[in-house]
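**Student:** sequence plus predicted model, see below.
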Amino acid sequence: MRRWNNSNRSTNAPIPAAGRGGALITPFMVTEVRAVQFKASDRLIDFTHKRLERINQVYQRAIHATVFFRLDNNHLAENKIAEVTLHIPGEDLVVRKEARTFEKALSMAVNRLRRIAREAKAKAKKLQRAK
């Protein structure tokens, strides 16, 4: 097992957590991926980490992100569910999206979270200026 520390990685490079359980530590945010009733592929986990880095670019105060992938029990084509919880000091942002693929559902959820994070960041700046 390779050990990771600040000397053998670039500033923005992610740090793999112990094992391949889906957790990844970025310089600002810990990302955890959980698949309910199926085993997530490495490709899906890597895609998830790349998408969540986009939130980190907008809002650096995020501490932890948890992503749940679920299969809905209906017979519709859009039965893949991605639920993303972003833990920010003082609040948790939760977005749940459904689509034909997990990748599409995750992309829609991350785009929505980016909008929410931008609004939270603007609100925090506005409150800070008012003081």
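**Tutor:** Thanks, I have the structure now.
**Student:** going by C-alpha atoms from here, please, whenever you check contacts or count neighbours.
**Tutor:** OK.
**Student:** Val30 contacts His64, doesn't it?
**Tutor:** Yes - using C-alpha atoms under 8 Å, Val30 makes contact with His64 at a distance of 4.7 Å.
**Student:** isn't Arg96 up against Ala82?
**Tutor:** Yes - between Arg96 and Ala82 there is a contact under C-alpha under 8 Å: 5.8 Å.
**Student:** please identify which of these two sits among more neighbours.
**Tutor:** Ala82 (27 against 18; other C-alpha atoms under 10 Å).
**Student:** and for the more buried one, nearest residue in space, chain neighbours not counted?
**Tutor:** Once flanking residues are discounted, Ala82 sits nearest to Phe69: 4.8 Å by C-alpha to C-alpha, 6 or more residues apart in numbering.
**Student:** tell me the mean pLDDT over the one helix or strand that neighbour maps to?
**Tutor:** Element membership for Phe69, per DSSP states H and E: strand 64-71. Strand 64-71 carries an average pLDDT of 94.
**Student:** that one: partners in the sheet, and parallel or antiparallel?
**Tutor:** Using DSSP bridges, strand 64-71 pairs in its sheet with strand 30-35 (parallel), strand 80-88 (antiparallel).
**Student:** most packed of the ones you listed?
**Tutor:** For the strands paired with strand 64-71, ranked by mean neighbour count under the definition mean count of other C-alpha atoms under 10 Å, the leader is strand 80-88 at a mean of 21.
**Student:** quick one: that strand to chain centroid distance?
**Tutor:** Here strand 80-88 shows a centroid-to-chain-centroid distance of 7 Å under the convention C-alpha atoms, centre = their mean, to the nearest Å.
**Student:** tell me which other helices or strands the next helix-or-strand element following it touches.
**Tutor:** The C-terminal neighbour of strand 80-88 among helices and strands, as given by DSSP H and E, is strand 91-99. Judged by 3 or more C-alpha pairs under 8 Å, 6 or more residues apart in numbering; DSSP states H and E, the packing partners of strand 91-99 are strand 80-88, helix 102-130.
**Student:** do you know how far Thr48 is from Lys126?
**Tutor:** For Thr48, the distance to Lys126 equals 31 Å [C-alpha to C-alpha, to the nearest Å].
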